[in-house]
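Engineer: Sequence first, then the predicted structure, then my questions.
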Amino acid sequence: MKVILNNRNKFFKIWFLNKILNYDIIGFPSLISGSMELIIDKTSKVFFSKNSIISNGCELRSNNNGYLHIGINTKIDNNVRIISNNSKVLIGNNVKIGIGSILNGGGGITIGDNTSLYGYVYILTSTHLDRGKKNTSLNTKYIHKNVIIGNNVIIKPFCIIDPGKKIKSNYTLNR
């Protein structure tokens with residue numbers, strides 16, 4: 001189910017999804033600047049902690065038993081895409097995710113507290129398994145690996161984080 005949320009309709013639409021259609025969405029973003037898309041199925045869960053701010057043009061997706069958790073005081077900037085597909089995407093407290101970043105969480109993502117992802121960061125948790133065969137959308141297999149980012153991490157603009165990477169706490173990653 002795809003729902004467009006904004007500050008005026010977020011309470012009713014999330015209430016409607018939970019109470020009438022039996023979806024599992026806990027909490028509300030404190031502020032939605034503009035509008036955002038929430039895409040969720042009935043097997044998945046989304047948790048918004050207090051004081052979370054979602055900016056214009058964001059897409060939050062949780063499908064196929066996915067779990068998306070957004071921590072306290074977390075700010076998600078414009079045009080960010082976060083996907084939790086059959087995995088857990090856990091975003092800690094006081095996290096800032098910069099404009100245009102993509103968190104493709106098919107293999108799971110954990111982001112520690114007080115971490116900043118600058119603009120256009122791309123976190124990949126899955127990749128094609130290529131054994132020399134021609135890949136098409138019908139025969140492509142994937143490898144899924146969790147990405148873990150520690151506390152107090154800074155990830156500078158345009159960084160790409162590959163599947164299976166672990167970034168230790170108190171670290172700055174440059175492109």
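Structural biologist: That came through fine. Numbering: from 1, shown residues only.
Engineer: Can you show me the CA trace of the lowest-mean-pLDDT helix or strand in the chain as CSV?
Structural biologist: One helix or strand of the chain scores below all others by mean pLDDT, DSSP states H and E: strand 126-129, with a mean of 78. Listed next in CSV are the C-alpha coordinates belonging to strand 126-129 (Å, rounded to 0.1, in the frame of the first residue of the first chain):
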residue,chain,number,x,y,z
SER,A,126,22.6,-6.6,-1.8
THR,A,127,24.5,-7.2,-5.0
HIS,A,128,24.0,-9.4,-8.1
LEU,A,129,25.5,-12.8,-8.0
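Engineer: any idea of the mean pLDDT for the following helix or strand past that strand?
Structural biologist: Using DSSP states H and E, the helix or strand that directly follows strand 126-129 along the chain is strand 141-144. Strand 141-144 carries an average pLDDT of 82.
Engineer: Tell me where this protein has helices.
Structural biologist: 10-15 (DSSP state H).
Engineer: Where does the prediction get shaky in it?
Structural biologist: 129-140 (pLDDT under 70).
Engineer: So what touches stretch 32-40?
Structural biologist: Stretch 32-40 is contacted from outside by 1-7, 10, 17, 23, 25, 29, 46, 53-63, 78, using C-beta atoms under 8 Å, 6 or more residues apart in numbering. The C-beta positions use only the backbone N, C-alpha and C, and glycine is treated the same way.
Engineer: buried stuff in it?
Structural biologist: Ile32, Ser33, Ser35, Met36, Leu38, Ile40 (16 or more other C-beta atoms under 10 Å).
Engineer: Over to stretch 45-55?
Structural biologist: Residues of stretch 45-55 classed as buried: Lys45, Val46, Phe47, Phe48, Ser49, Ser52, Ile53, Ile54, Ser55 (neighbour count, 16+ other C-beta under 10 Å).
Engineer: Look up how far Thr172 lies from the fifth one.
Structural biologist: Looking back up the chat, that one is Ser49. Between Ser49 and Thr172 the computed distance is 25 Å (C-beta to C-beta, to the nearest Å).
Engineer: got it, and the second one?
Structural biologist: When C-beta to C-beta is the yardstick, Val46 and Thr172 sit 30 Å from each other.
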